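S.K.: sequence unavailable; structure follows:
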Ligand SMILES: [Zn+2]
């Protein structure tokens, strides 16, 4: 089996969406220390950093919920994981899904399909 395509996100070509969301999350987290530095230094430019970090994180969470979909039934798998799993495990559970929780379609290619 191809190790690089060991999860359904890789095999359906949707892994870039997760990477983009994680990158966006990192950029959002970087904006908040800049706001704190601006507050401590007394520059008065706190709001642009806070608004950028907050808006970027909210937009990326909604985009991730909208874009990560089952290739068969096209329902949002990220939304299902966020609403049915623990906040500690939903992302790991999402990446390691074997079947769609809505239509039970196999998300990973079977060993026969791998070359
Ligand atoms: Zn499905």
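M.R.: Yes, it's here. It should be emphasised that the depicted structure is a prediction, and the values quoted were computed from it without experimental measurement. Numbers count the residues shown, from 1 in each chain.

S.K.: what does stretch 60-70 rub up against?
M.R.: Applying C-beta atoms under 8 Å, 6 or more residues apart in numbering, the contact partners of stretch 60-70 are 9, 14, 17-18, 20-21, 24-25, 28, 75-79, 82, 94, 100, 102-103, 105, 107. For every residue, glycine as well, the C-beta is placed using N, CA and C.

S.K.: that stretch: which residues count as buried?
M.R.: Buried residues in stretch 60-70, counted by 16 or more other C-beta atoms under 10 Å: 60-61, 64-65, 68-70.

S.K.: re the thing from before, so which of the contacts of stretch 60-70 belong to helices?
M.R.: 9, 17-18, 20-21, 24-25, 28, 77-79, 82, 94 (DSSP state H).

S.K.: contact partners for the residue nearest the centre of the chain?
M.R.: What sits nearest the mean C-alpha location of the chain, by C-alpha atoms, centre = their mean, is residue 18, with 4.2 Å. Neighbour list for residue 18: 9, 64, 68, 95 [criterion: C-beta under 8 Å, 6+ apart].

S.K.: among the residues you listed, which two are most distant?
M.R.: 64 and 95 (12.2 Å; C-beta to C-beta).
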